[in-house]
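*Asks:* below are the sequence and a predicted model for it; my questions follow.
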Amino acid sequence: MTVPREQNALPGIWTADLSRSFYGNVNALSNKLKGNQSPRAPKNYRQSVPRAKEMKGYLLSYEEELHLADHIAFLAHVEEGVEYVSAAVLQEMSDPPGFTFRLASNQTPRSTVVNGIEKILGIVRDHAKAGKHRQQYQSQLFEEIVSFSEKRIYGRMRTHHWVKPEHFGKGKSRLPPLYVRIDRILEGIWGPDGQIIAEFASLRASVIALRDALEKVDQEDADDQANLLKDAILKSYDVSNQGSSKSLETHLQILGLDERIQASREVAEIDKLSNYWGICKDLIRLSRQPETRFHCQNLNLEICDAYPASQPPGAADLCFVHGEVQLIFFYEKYKNDLPPRAIGSSKSACFLCDLFIKHHGQFGISHSHMKLYPKWTIPDSSEWMNQHPQQRKRFRGMIRSMDNEICGLLNKNVYYHNAAMESRAHVLLLEQRSSIAASASTVTSISGVPRTPSLLAVRMSSSASSSSSTTVQQIGTAVAAHPSIYQLEDLPVTIDISPSTTFCELTAGLVSYFFDFEDIATTGMLCIADNPRSAEQQRGEKRVDVNTTGLSFDSSVCIQAEPGSRHLAFIVHADGRHELGVSVTWHEP
Ligand SMILES: [Zn+2]
């Protein structure tokens, strides 16, 4: 490919004067910065006040749009390497309803990336169309996400499966596996004066479980790798979702632990590993809840072709058009009734993208690491700009404003030591709406994982526990969240299933059972009792027997009710321990 060394000064965006002034100041600023310095301190926009102004016509909140866009960009950065650095937006369509993710990477996304993400979105679309069998679609989606992202996941875990990319220097490749480095985090998780308090104990227990799961991935070359990988990701999710925290980084902050641990690469990697399951949950929720389900039936992926590198007048080197800039340009050219409001990205925005986005004013982002990359440009787009002089004027104005701001920073002459990671895992800070969906399933399915044996573990009482759950699915619809959490001591319990019942949870020793009522169309009753066999013998019944030991996360046992029957009963146990008798009766619809 031949690359134009000098762009035509007119009639595109860049005039020779504008370009020389802008790049002159960019290069001067770049020369002032030493080592790890940046012109501004990193900024986390997710922590800013949510956008208060109501935007008419949009289905999703701004925060949710940004969060989902971040997810797709995160997945698209499927291999380590600058060419995979990606940005994405989520565009809503109202007539017909639909969602389009638009992806832009430093180099035009490769077909493997496009096909992989299309496959993932295909499962989400199918789930939206089916409107039932959530557990099955969720397992399938998780399987697909993990298999698509396998290389990157191995890279994050630094197991022996990881193949060092050619562009890597020696430093990064010498990192020991993540499970070895996790010990450093463990050393830091102690209460004041070495006290063991419940939150620390719970966190330690989940970090130890994660460390063991990661070690297994590294040491076993079994056919079972996919399951080991999924297990380690679920264990990361447990670590990242302690108590009401949604990331390990924030949880460590709340506990007031050493800042060096909070900001460590290991903590960031754990939050990113957890993200693979978080993405899966978010996409399943999106395709299930009635408000967005129809949109998800028409869920698409579009990509932007990257612009060729160019060297505008005054630039020191060939310059590139970052994904964020590509997306802004796309929506400048193709105006839209409901233009996206947020740009998600796989790496935090650089200083110049941050500045450009700010002066453009239409989009928000999650985070900026604020490092200055002088080989940055916006496309000249001469042909198109020549036909749109108003937009050209506006863009030239933006460049001038950026240039002025850079001049101001040069005069101020204050720079920031910046050791920030260039990418972070972001969490949605808003409360999620409860999911609602109709289903006509006549099958009751169970899936469960025994929790890692540990007396220290404190159960979370959030729906996050679906990573280690037993699920009972039935016919139906349900609304709102009225969670009920029970212990073995509470048994026997009888729970009325009404449209407002979402789930109930029962903790029995090492296993947590999660009874999910979201699919229930009619009212009914759930009874759970311990020591079920004696009652059974008294009545001379024979019930289906389910052993949860050895079940991995996505394995399932299906128990079919007798045709026409409105009653189902079974016994659940972990290798004979904690036997529970479960019976479900549902009323006439
Ligand atoms: Zn950038």
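*Replies:* Sure, I can see it.
*Asks:* so M525, which state does it fall into?
*Replies:* strand (DSSP: H, G, I helix; E, B strand; the rest coil).
*Asks:* and it, what are its bridge partners?
*Replies:* For M525, the beta-bridge partners under DSSP bridges are D496, T585.
*Asks:* so how far is the ion from it?
*Replies:* M525 sits 57 Å away from the ion, going by Cβ to the ion, to the nearest Å. No exception for glycine: its C-beta is placed from N, CA and C like everyone else's.
*Asks:* burial count for that residue?
*Replies:* Applying other Cβ atoms under 10 Å, we find 14 residues neighbouring M525.
*Asks:* touching, it and A569? I think so.
*Replies:* No: counting by Cβ atoms under 8 Å, no contact exists between M525 and A569, whose distance comes to 11.9 Å.
*Asks:* what's the neighbour count on N27?
*Replies:* Every residue meeting other Cβ under 10 Å relative to N27 is counted, giving 16.
*Asks:* who are the contact partners of it?
*Replies:* 314, 316, 374 (Cβ atoms under 8 Å, 6 or more residues apart in numbering).
*Asks:* how about the residues of the protein near the ion?
*Replies:* 322, 350, 353 (Cβ under 5 Å from the ion).
*Asks:* with adjacent residues omitted, what lies nearest to T292?
*Replies:* Counting by Cβ to Cβ, 6 or more residues apart in numbering, L286 is the residue found nearest to T292 once chain neighbours are left out, at 5.1 Å.
*Asks:* the ion versus the one you found, what's the distance?
*Replies:* L286 sits at a distance of 28 Å from the ion (criterion: Cβ to the ion).
*Asks:* now stretch 295-314: buried residues?
*Replies:* The neighbour-count criterion (16 or more other Cβ atoms under 10 Å) identifies 295-297, 299, 301, 303-304, 306-307, 310-314 as the buried residues of stretch 295-314.
*Asks:* is W384 in a helix, a strand, or coil?
*Replies:* Taking three-state DSSP, the label given to W384 is helix.
*Asks:* residues near it, how many?
*Replies:* Using other Cβ under 10 Å, W384 is surrounded by 16 other residues.
*Asks:* nearest residue to it other than its sequence neighbours?
*Replies:* The spatial neighbour of W384 that comes closest, neighbours along the chain excluded (Cβ to Cβ, 6+ apart), is K333 at 6.4 Å.
*Asks:* tell me which of the residues of the chain next to the ion fall in strands.
*Replies:* The members of the residues of the chain next to the ion all map outside strands under DSSP state E.
*Asks:* with distance to P39 and neighbour count added, can I get those in TSV?
*Replies:* Written out in TSV, the entries for those read as follows (distance: Cβ to Cβ, whole Å; neighbours: other Cβ atoms under 10 Å):
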residue	distance to P39	neighbour count
H322	17	28
C350	11	22
C353	13	24
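*Asks:* ok, the residues you listed vs S240, which is closest?
*Replies:* For the residues of the chain next to the ion, the residue nearest S240 by Cβ to Cβ is C350; the value is 26.3 Å.
*Asks:* go ahead and confirm the closest one touches W376.
*Replies:* Yes: applying Cβ under 8 Å, one finds C350 in contact with W376, separated by 6.8 Å.
*Asks:* list residues touching both of those two?
*Replies:* Counting by Cβ under 8 Å, 6+ apart, the shared contacts of C350 and W376 are H322.
*Asks:* pretty sure F99 sits in a strand.
*Replies:* Yes: the assignment for F99 (three-state DSSP) places it in a strand.
*Asks:* tell me the contacts of it?
*Replies:* For F99, the residues meeting the contact criterion (Cβ under 8 Å, 6+ apart) are 90-93, 292, 295-296, 298-300.
*Asks:* for the stretch 101-250 of the chain, just list every one of the helices.
*Replies:* 111-130, 134-148, 150-157, 170-173, 178-188, 198-219, 225-240, 248-255 (DSSP state H, counting those that start in this stretch).
*Asks:* now do the last one: which elements does it pack against?
*Replies:* Think helix 248-255. Helices and strands in packing contact with helix 248-255 are listed as helix 198-219, helix 225-240, helix 259-262, helix 265-288; criterion 3 or more Cβ pairs under 8 Å, 6 or more residues apart in numbering; DSSP states H and E.
*Asks:* would you single out the least confident of these?
*Replies:* Mean pLDDT is lowest for helix 259-262 out of the helices and strands packed on helix 248-255, coming in at a mean of 80.
*Asks:* poorly predicted segments of the stretch 51-200 of the chain, please.
*Replies:* Filtered on pLDDT under 70, the stretch 51-200 of the chain yields the residue ranges 51-55, 169-173, 190-196.
*Asks:* rerun that using 90 as the cut-off
*Replies:* 51-57, 80-82, 94-95, 132, 160-175, 183-200 (pLDDT under 90).
*Asks:* ok so, going back, can I get the contacts of N27 in TSV including pLDDT and secondary structure?
*Replies:* Formatted as TSV, the entries for these read as follows, by pLDDT from 0 to 100; DSSP: H, G, I helix; E, B strand; the rest coil:
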residue	pLDDT	secondary structure
G314	95	coil
A316	93	coil
P374	96	coil
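*Asks:* tell me which of those is nearest to the ion?
*Replies:* Within the contacts of N27, distances to the ion taken as Cβ to the ion reach their minimum at P374, with 11.4 Å.
*Asks:* what's the distance between the closest one and G24?
*Replies:* Distance check for P374 against G24: by Cβ to Cβ, to the nearest Å, it reads 11 Å.
*Asks:* stretch 387-405: how far from the chain's middle?
*Replies:* Computed by Cα atoms, centre = their mean, to the nearest Å, the chain-centroid distance of stretch 387-405 equals 35 Å.
*Asks:* give me the contacts around it.
*Replies:* Contacts to stretch 387-405, defined as Cβ under 8 Å, 6+ apart, come from residues 11-15, 18, 21-22, 25, 332, 352, 355-356, 359-360, 378, 385-386.
*Asks:* would you mark the buried spots in that stretch?
*Replies:* Within stretch 387-405, the residues that count as buried by 16+ other Cβ under 10 Å are 392, 395-396, 398-399, 402-403.
*Asks:* no more questions from me, cheers.
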